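**Student:** Requesting a structural model of the entry that follows:
(2 chains)
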Number of protein chains: 2
Amino acid sequence: MNLPGNLYFKRGIALLMFMLGSITAVVAKDTPNLVITQSDIEQMRIAITQPGRFSDAFQAVRIQVDAQMQAPIVVPVPRDGGGGYTHEQHKKNYQLMYNAGVLFQLTQEQQYADFVGRMLLAYAQLYPTLALHPKRKIGFQNPGKLFWQSLNEAMWLVYTIQAYDLVNSGLSKQDTATIERQLLVPVALFLSEGQPSTFNKVHNHGTWATAGVGMAGYVLNKPEWVEKALLDLDKSGKGGFLRQLDELFSPAGYYNEGPYYQRFALLPFITFAKAIENNEPQRNIFDYRNGILIKAIDTTVQLSYNGLFFPINDAIKSKGIDTIELVHGVAVAYSQTQDSGYLDIAGQQNQILLTGDGLKIAQALDAQKQSPYPFRSVAFGDGAQGEEGALVVMREQQGGNSALVFKPAAQGLGHGHFDKLTWQFYHQGQEIVSDYGAARFLNVEAKFGGRYLPENNSWAKQTVAHNTLVVNEISHFDSDVELGNRSHPTLNFFEHTPQGSVAMAEIGNAYPDAHLSRTMALVKLPDTDTSLVIDVFRVNAGEAKLLDLPLHYQGQLIDTSFSIHSHQQQLRALGNQNGYQHLWLKGEATPERGLASVSWLNDNGSFYTHTSLTNGDEAFLFTQLGANDPNFNLRNESGFIRRVQGKASHQFVSVLEPHGEYNPAKEYTLQAESLITGLSFEQQENLALVRLDRAGKSYLIVINQMPENNQNKLNQTPIQFNYLNDSYSLDKRLAVYVIKDPQE
Amino acid sequence: MNLPGNLYFKRGIALLMFMLGSITAVVAKDTPNLVITQSDIEQMRIAITQPGRFSDAFQAVRIQVDAQMQAPIVVPVPRDGGGGYTHEQHKKNYQLMYNAGVLFQLTQEQQYADFVGRMLLAYAQLYPTLALHPKRKIGFQNPGKLFWQSLNEAMWLVYTIQAYDLVNSGLSKQDTATIERQLLVPVALFLSEGQPSTFNKVHNHGTWATAGVGMAGYVLNKPEWVEKALLDLDKSGKGGFLRQLDELFSPAGYYNEGPYYQRFALLPFITFAKAIENNEPQRNIFDYRNGILIKAIDTTVQLSYNGLFFPINDAIKSKGIDTIELVHGVAVAYSQTQDSGYLDIAGQQNQILLTGDGLKIAQALDAQKQSPYPFRSVAFGDGAQGEEGALVVMREQQGGNSALVFKPAAQGLGHGHFDKLTWQFYHQGQEIVSDYGAARFLNVEAKFGGRYLPENNSWAKQTVAHNTLVVNEISHFDSDVELGNRSHPTLNFFEHTPQGSVAMAEIGNAYPDAHLSRTMALVKLPDTDTSLVIDVFRVNAGEAKLLDLPLHYQGQLIDTSFSIHSHQQQLRALGNQNGYQHLWLKGEATPERGLASVSWLNDNGSFYTHTSLTNGDEAFLFTQLGANDPNFNLRNESGFIRRVQGKASHQFVSVLEPHGEYNPAKEYTLQAESLITGLSFEQQENLALVRLDRAGKSYLIVINQMPENNQNKLNQTPIQFNYLNDSYSLDKRLAVYVIKDPQE
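**Tutor:** Predicted structure coming up:
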């Protein structure tokens, strides 16, 4: 195991403890006994006779399955790739077998077992005749037989082995022998011994394979398969499910590619874990690595706002907590923790699973046991050890339910974006400072076959598509994914205090010769219900460069404190490459030294003012997305770029303030203008001091940027400093003081 | 009275019957007795002791008023114009007096009467000292004293006279004498004798004045004032409230300026009507003109979709049925009709009035008596006699809740748009083919003081901003409002059949030398749950012209059946004036002869395909709004213009089809492509025959365009016609036939 010594030791202990737990042999039990147990079934049989969410869900599934069973069984010879007919038919088949299996157990009606049995026998006839799939990608190591890639074949096994486990008791010995011999054993062997590189891979695809094979091991009484699934084919622990649990999530339960892919990756983890827990409870799989499975589920929920996931990296923005994977996750998390906050999420998901955990959710919701899910301010460390930067979430529930996402996270593999130190802001239910997410219309054939659009590379992944610094119109790492994956920002500190949250991060190799550092805070002003965003971005570039700091906003521009030279008769694209070719330049301005503010109105009825402290050297370029977009693939969103030319270093200081309300339905408008009348910035050694005049009051916001390794000093000895004529004592990373009224 | 003879006779009868009813003298009654009666109060006093919506509403108002009463009474000397401090303060005062008056009656606590009495006395001290308002518009005939225009002064009286009526019994004789002598009588005289031209005006402003003065007549026992309010200062019936009821609404209850202004105009009508009903029930005011008041309320509700008004003419698009004016309207309509459909609307409004009618609503909602409000397909005749065109609404509740708005309506005075024969389409809760509404950010100071923006004239009112034909890039009536008001389209016919709705309309003078005619239908295909829009637009222009038919859509362009030459590096404005200067030309195409389709995806998750039948002579110009918009005032919406150059006449034939579903949250996409594979059109004398091939079936849609005066013939003798080898018999305006499978 190619791990540093200390880490090796830690993993060794964890594995050892895990293995000790597994000494008990696998013993044959009543079926079913994977995710759903015989004991679950007994409870569920009672529940379907009583009114409530669970019996409603049961009735809905029964109606659907009964209708589907009217059609003839179709098990086609594999022919089509992803999205094609045979591909979709085999997907439908495994979902239908699973549902019919559940219904067999719940209703004890033989017709459901017969149906699943007939379909399994059809597969058992077909499977031995199959070679590798005709649409497999030649040269790649992951072909399937039923499907063009083995990922789908593993998913098929995960569902089908559960369906088999559910109907097993209703089938004849002869049939089960045929199904096992000709279908289940060959599929499990194909997915394990037959493709060692995928099976052993510490990657989401490997998790599906180990989950399918391991669960087959339980059902077919092959403890050897379970061991291999857990520990690699050679049982070394180099690969396998446990290694995946060690490496694919950070200690905080963060998944490197971001929440959109995290919820996708979750399902095989929690499915196999439930099967392990039910078959070998002594393994304490949910305690493994300090409860990493529940942390991974919980973190997926934390990485959402108003029901939708933070759309960092390649993410489709309408994806959120009601995704089926997280319905499974939340059910498991509630079952394991009895934490009533998960019921709040389950209520929003509004979907009840026909499983033992689903029953617990249904009954708890029927009994109205939910409590508000506690969204927290957290820096989710990135990387297997949590030391490769972080995804920082700052929240303030009062005064509009604000959330700030700050991203000094690692690259996130092939689905990552070149957006080191970018940020987003949410308020009153809406995204205000935005991330484009992925450029993709999922499954819409006319839009590049429903795959990631060319504009995903040319725009969505590029740095200028984000709210972070671009040097010389070149994206971070010069758009080199490999380099990006080898690099990551450093989170200097994160702290959540009663007055707000603050974080600072830096990266020195996003560009060969530029050092970027950003300090962001979500600050609650005393005696107000307003939370402001403070943003201090420093760049040191060695020699004179073109420095661009874009901000993508959602809403209609309302006002600027300076006049814009707007391009009225003609527009041109802002640049030629790296995303700039997609931006129309709508107007430009170079505000005079002082405050430069841009206000917009979001659909949520709130106004937002972004105020920059400028020296007269920042140009503001107002942009709209849509140039060089021949197929109208891009959303025509708006933004502005603060641009500094020919400087080797620069500090961008700004504040974002939500304010007022636009209510044309009730015909009133409140506070359409920013309340901020003054802003200044000064650095006293490690202290960043932001002074803000707002609504007749003056505030001093102090951020202690002392390096983390001196943090202990801070805790022991508060820092003394003077500002104007007063002296202050600071014992936190962030403090806000009301200072003398500026008029006095 | 300058009316045609027949009409004169009809009005005479109505007036005569009305006057006969009024012979009974006005008798002093228990107070209060305007909108709220003593008998209402008795019921309301009981209701506030019981749990339910009414007592909740009472508590909320009480908390609010109690807080407001903590502040000192401020009755400032008038100084500011609309939106300014003294203007807003006087508005707040009358609302507060009204609410405090209601609380006095409900709680019988003297403090509320004392408060209103003190404020009224403050006004009684101030009013005699006032000359005309310093900010009045010089040269206009409508100055106020408390306010810059008498419209606001009349609103003040409408609220204040009710407040006085509510607290009268709690004030001393001496105080009431002062208040009446120095305030209420002078205000009422100023608004009637003092400004005859406004008081007698058959216009919404006149309604506020007559309502205030008439209600003052009831309270101060001046029957003469009531007569003048009803019948003009000279009691001739040339002006006054009854004449306003005769002329400001069409017989169907449609208000010439459209629903946005209709809901605004409603309030004084229903307020005064309630006071008439309570004081002189023998007048049967709610039966006047066949129940025009209830029709006007009901029509306002009908002119909405998913809670929002159809945004024709100058309309702010977020305004809908929860507007306070319609809360009053729906309460009155329910009280008068006991129609439980109004409760459905009241439930959506979610606001309970502290009036007798409000109590009825609250109790009925508490008892869950509501039934779904029946939205209907109606041609709302425009103009006082309903003969100046119509606003046509076609609805289909199944398969997505479709609504088509077709607008062969009159101009609608100064707030009207130059959009004869335009249309809109709604589906699945959203606007799909859209109307821009007004260009205005209500009360947002930075946006042109919150008034109508310059772009309201330069864009929103122009013809190209709508979905109707533009000749030579000039708007209808060459943007001449006076000419527009003198003109109107003719509605040739409208019919609602089980297979759908159909209408045809024409106008000959939108352009001096062009005749426009449009036939639109919302057709339900047999054996499907799909409703399609059929659109046949004919223009005969005498000589060769540039003919543009724009379509403004809401959503993201997904596909076109032809390739677009898109402008990728540079955009230019499409034209120089009449709205064209605001459109960026993003791409162009000239599809070959045959079907030309454009598909888009709306945020509601449905796809829409607009399919045109072209001869190879229609160019498609793809546009985005936002050129020549230096202050970023416009929403950057998308559209395409079908353009024909150098032809004297043309027929645009097209079909709009909603289809499929995009559900990235659940990761499926259904039917992203149009199902329409064939479209042809042929005219057989008066019959328009549209043949449609869709999803393997062929349909023949036949529209009988026979002039209306031959309609009787149609009813007596079905029309026989042949199509392909079959013969048909048509006895309606619209019929849909399934014809032989095209493959057979």
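
**Student:** quick one: low-confidence parts of chain A?
**Tutor:** A:1-29, A:709-716, A:741-744 (pLDDT under 70).

**Student:** again, 80 this time
**Tutor:** A:1-29, A:83, A:139-141, A:399-400, A:708-716, A:740-744 (pLDDT under 80).

**Student:** can you tell me which residue is nearest the centre of it?
**Tutor:** Note on chain A: the residue nearest the mean C-alpha position is A:Pro259, at 0.7 Å, using Cα atoms, centre = their mean.

**Student:** Close to chain B: what parts of the stretch 401-550 of chain A are there?
**Tutor:** Contact residues (Cβ under 8 Å from any Cβ of the partner chain) of the stretch 401-550 of chain A with chain B: A:Phe441, A:Leu442, A:Asn443, A:Val444, A:Glu445, A:Ala446, A:Lys447, A:Gly450. C-beta coordinates here come from the backbone N, C-alpha and C atoms, glycine included.

**Student:** Recalculate using a threshold of 7 Å.
**Tutor:** The stretch 401-550 of chain A comes close to chain B at residues A:Leu442, A:Asn443, A:Val444, A:Glu445, A:Ala446, A:Lys447, A:Gly450, as judged by Cβ under 7 Å from any Cβ of the partner chain.

**Student:** Over to chain A?
**Tutor:** So far as Cβ under 7 Å from any Cβ goes, chain A lies against chain B at A:316, A:318-320, A:322-323, A:442-447, A:450, A:556-559, A:566, A:568-573, A:584, A:624, A:627-628, A:630, A:632, A:635-636, A:662, A:664-665, A:667-669, A:672.

**Student:** let's see it at 6 Å
**Tutor:** Contact residues, chain A versus chain B (Cβ under 6 Å from any Cβ of the partner chain): A:316, A:318-319, A:442-444, A:446, A:557-559, A:566, A:568-573, A:628, A:630, A:632, A:636, A:664-665, A:669, A:672.

**Student:** thinking again about what came up before, right, and the residue nearest to the centre of chain A touches A:Leu308 too?
**Tutor:** No: checked against Cβ atoms under 6 Å, the pair A:Pro259 and A:Leu308 is beyond contact range at 9.5 Å.

**Student:** need the residues of the stretch 401-550 of chain A next to chain B in CSV with secondary structure, can you?
**Tutor:** Formatted as CSV, these follow (DSSP: H, G, I helix; E, B strand; the rest coil):
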residue, secondary structure
A:Leu442, coil
A:Asn443, coil
A:Val444, coil
A:Glu445, coil
A:Ala446, coil
A:Lys447, coil
A:Gly450, helix
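
**Student:** Report the two of those separated the most.
**Tutor:** By the measure Cβ to Cβ, A:Leu442 and A:Ala446 form the most distant pair in these, at 12.5 Å.

**Student:** returning to that earlier point: of the residues of the stretch 401-550 of chain A next to chain B, grab the buried ones for ChimeraX.
**Tutor:** To isolate the buried ones among those in ChimeraX, judged by 16 or more other Cβ atoms under 10 Å in any protein chain shown, type:
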select /A:442,443,444,446,447,450
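
**Student:** Would you map the helices across the stretch 101-250 of chain A?
**Tutor:** A:110-126, A:150-167, A:173-179, A:185-191, A:196-199, A:204-219, A:223-231, A:240-247 (DSSP state H, counting those that start in this stretch).

**Student:** likewise the stretch 601-744 of chain A?
**Tutor:** If you assign secondary structure with DSSP H, counting those that start in this stretch, the helices in the stretch 601-744 of chain A sit at A:711-716.

**Student:** ok, now the stretch 351-500 of chain A?
**Tutor:** Assigned by DSSP H, counting those that start in this stretch, the helices in the stretch 351-500 of chain A fall at A:356-366, A:398-401, A:454-455, A:481-486.

**Student:** Could you pull out the buried residues of the first one?
**Tutor:** Buried residues in helix A:356-366, counting neighbours by 16+ other Cβ under 10 Å, are found at A:Gly356, A:Asp357, A:Gly358, A:Leu359, A:Lys360, A:Ile361, A:Ala362, A:Gln363, A:Ala364, A:Leu365.
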